[in-house]
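> Structure here, sequence nowhere to be found:
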């Protein structure tokens with residue numbers, strides 16, 4: 001019933017979005033308002049926020065992780081995430097194409113507001129989906145691969161994602177690799193200019209194909225050998241050097257008007273002397289990324305179930321400036337903790353409204369939710385695999401090392 005309610009609200013808002021008051025002057029029409037008109041995305045978002053409960057608004061800020069295997073895709077858990085947690089999306093883990101499409105379809109059907117269906121696929125869907133096309137790791141591509149190749153790669157990735165119902169990719173990796181770096185061949189290399197060129201080209205291709213990109217791992221995971229899955233890497237470097245290297249691709253990405261940046265569990269004393277990892281650092285997420293760099297898209301955490309985030313909660317990330325929390329150990333417990341902090345006055349509800357509004361505007365703008373959202377019909381079985389891999393040979397050859 002709640003899904004039907006949100007659908008009706010969306011349709012009413014769509015019909016009324018352009019119906020501002022005006023007066024006729026000859027053959028022209030002049031608005032009587034002294035303020036700029038709201039965009040259809042803003043009208044839809046603001047009106048939807050007014051009818052959402054606090055629980056629903058908080059739920060939009062969460063993206064739990066589920067496996068893309070039918071034997072592990074618990075329908076009851078999907079319904080729980082949709083009906084009880086009101087989550088804003090899912091992150092797909094390893095599995096196969098048909099299972100991934102089934103999970104995406106089911107979660108979309110169960111959700112009151114259409115969800116993000118994301119996948120952590122840094123070098124193609126084949127990184128996670130066993131029967132999807134495979135591409136080389138970013139750092140192992142042909143050294144002559146250029147921005148045109150990467151834009152085409154992004155567009156092809158978007159096509160493959162849409163076949164499965166995926167609308168967000170946790171990539172590209174915008175980290176600038178250094179000697180002995182943990183990030184290694186996940187990065188496009190050690191030249192900040194080339195990394196920035198390829199990152200923005202690939203992300204632009206993805207988004208031109210209707211899939212949201214998420215550059216990672218802000219403010220840069222390309223230095224040092226520590227793995228944030230196991231501990232918090234501490235990056236010791238001065239601010240000027242950071243600006244010339246690690247931060248440069250993220251500034252370029254933000255300047256290009258692209259949609260998502262993932263914060264890493266990375267401590268950078270030159271940016272926040274407290275030693276907090278970026279995921280929960282207001283200095284890095286709000287003061288640097290939002291206010292200095294001027295990024296206006298979604299700020300998304302790396303998985304909170306990683307040891308690099310040990311001791312911190314989703315509420316800490318949201319308070320610091322994150323919009324979406326990925327893969328917490330317990331989604332329902334973390335949602336309750338945020339609501340508890342709002343009820344106690346420790347976290348102002350206006351912060352939740354701000355984060356939720358950004359999530360909803362991006363969903364509307366990318367036609368994930370709202371009256372103009374894309375509808376996906378998935379082929380099945382062998383036809384699904386055939387459609388997924390159709391026409392990929394040429395691109396695979398262009399990107400392959402020679």
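Perfect, thanks for sending it. On a predicted model such as this, the values are computed, not experimentally measured, just so you know.
> Low-confidence ranges, this structure, go.
With pLDDT under 70 as the threshold, the chain has low-confidence stretches at 1-37, 73.
> contacting residues around the helix or strand hosting residue 357?
Here residue 357, judged by DSSP states H and E, is contained in helix 349-365. For helix 349-365, the surrounding residues in contact (CB atoms under 8 Å, 6 or more residues apart in numbering) are 40-42, 44-46, 48-49, 52, 54, 57-58, 60-61, 88, 113-114, 116, 212, 259, 297-298, 318-319, 322-324, 338, 342, 368-370, 372-373. (Glycine included, C-beta is placed from N, CA and C.)
> Buried residues in that helix, which are they?
Of the residues in helix 349-365, those with enough neighbours to count as buried (16 or more other CB atoms under 10 Å) are 351-352, 355-365.
> quick check, nearest of those residues to residue 190?
Within the set of those, residue 362 lies nearest residue 190; the separation is 31.9 Å, counting by CB to CB.
> and after the helix holding residue 357, which helix or strand comes next?
helix 381-389.
> Could I get the buried residue list for the next helix-or-strand element following that following helix?
Following helix 381-389 in sequence order, the next helix or strand is helix 393-399 (DSSP H and E). Within helix 393-399, the residues that qualify as buried by neighbour count (16+ other CB under 10 Å) are 395, 396, 398, 399.
> Next: stretch 96-111.
The neighbour-count check on stretch 96-111 (16+ other CB under 10 Å) flags 96-108, 110-111 as buried.
> give me the number of residues near the residue nearest to residue 396 when sequence neighbours are not counted?
Leaving aside its chain neighbours, residue 396 sits nearest to residue 135 (6.3 Å; criterion: CB to CB, 6 or more residues apart in numbering). Residue 135 is surrounded by 23 other residues when neighbours are defined as other CB atoms under 10 Å.
> Next one: residue 135 from residue 182, what distance?
Distance, residue 135 to residue 182, by CB to CB, to the nearest Å: 22 Å.
> Now for the closest residue to residue 147 other than its chain neighbours: which residues touch it?
Across the structure, with CB to CB, 6+ apart as the measure, the residue nearest residue 147 apart from its sequence neighbours is residue 201 (3.9 Å). Contacts for residue 201 (CB under 8 Å, 6+ apart) come out as 147, 148, 150, 151, 154.
> and the third one, what does it touch?
With contacts taken as CB under 8 Å, 6+ apart, residue 150 has the following neighbours: 197, 198, 201, 202, 205.
> Angles on the backbone of it, please.
Note on residue 150: its backbone torsions stand at phi -70, psi -30 [degrees, to the nearest 10].
> list the contacts for residue 324?
61, 62, 63, 88, 89, 116, 298, 299, 300, 301, 359.
> how near is it to residue 384?
As for residue 324, its distance to residue 384 is 28 Å (criterion: CB to CB).
> List the contacts of residue 45.
If a contact means CB under 8 Å, 6+ apart, then residue 45 has 357, 360, 361, 364 as its contacts.
> One more: residue 376?
Applying CB under 8 Å, 6+ apart to residue 376 gives the contacts 104, 105, 108, 162, 165.
> now do residue 110
With contact set as CB under 8 Å, 6+ apart, residue 110 has these partners: 3, 78, 79, 82, 83.
> Pick out the most distant pair among those residues.
It's 3 and 78 that sit farthest apart of the contacts of residue 110, by CB to CB, at 13.5 Å.
> ok, those two, which is more surrounded?
Taking other CB under 10 Å, residue 3 and residue 78 do not tie; residue 78 has more neighbours (20 against 16).
> The more buried one contacts residue 67, correct?
No. Shown here, residue 78 and residue 67 do not form a contact pair, counting by CB atoms under 8 Å, at 11.6 Å.
> between the contacts of residue 376, which is nearest residue 277?
Residue 277 has its nearest neighbour among the contacts of residue 376 in residue 104, at 30.6 Å by CB to CB.
> In this protein, what residue spans correspond to strands?
For the chain, the strands identified by DSSP state E occupy 22-25, 28-31, 62-63, 65-68, 89-95, 116-119, 168-169, 212-218, 260-263, 298-301, 325-326, in order along the chain.
> tell me the most buried of those?
Neighbour counts averaged per stretch over those are highest for strand 325-326, at a mean of 30; criterion: mean count of other CB atoms under 10 Å.
> Contacts for it next, please.
Strand 325-326 is contacted by residues 61-63, 65, 91, 170, 262, 300-304, 314, 317-318, 334 when judged by CB under 8 Å, 6+ apart.
> can you do 7 Å?
Outside strand 325-326, the residues that touch it by CB atoms under 7 Å, 6 or more residues apart in numbering are 61-63, 91, 300-304, 314, 317-318, 334.
> re earlier: out of the contacts of residue 324, who's nearest residue 221?
Using CB to CB, the shortest approach to residue 221 within the contacts of residue 324 belongs to residue 301, at 13.5 Å.
> and that closest one, what does it touch?
Residue 301 makes contacts with 263, 279, 317, 322, 324, 325, 326, as judged by CB under 7 Å, 6+ apart.
> And residue 338, by the same measure?
Contact analysis of residue 338 by CB under 7 Å, 6+ apart lists 58, 314, 315, 318, 347.
> and if we set it to 6 Å?
Shown in contact with residue 338 (CB atoms under 6 Å, 6 or more residues apart in numbering): 58, 315.
> If the closest residue to residue 253 other than its chain neighbours is in a bridge, with which residues?
For residue 253, the nearest residue in space outside its immediate sequence neighbours is residue 215; the separation is 4.7 Å by CB to CB, 6+ apart. Beta-bridge partners for residue 215, by DSSP bridges, are residue 261.
> and residue 215, what does it touch?
Under the criterion of CB under 6 Å, 6+ apart, the neighbours of residue 215 are 174, 253, 261.
> And for residue 111?
With CB under 6 Å, 6+ apart, residue 111 has these contacts: residue 82.
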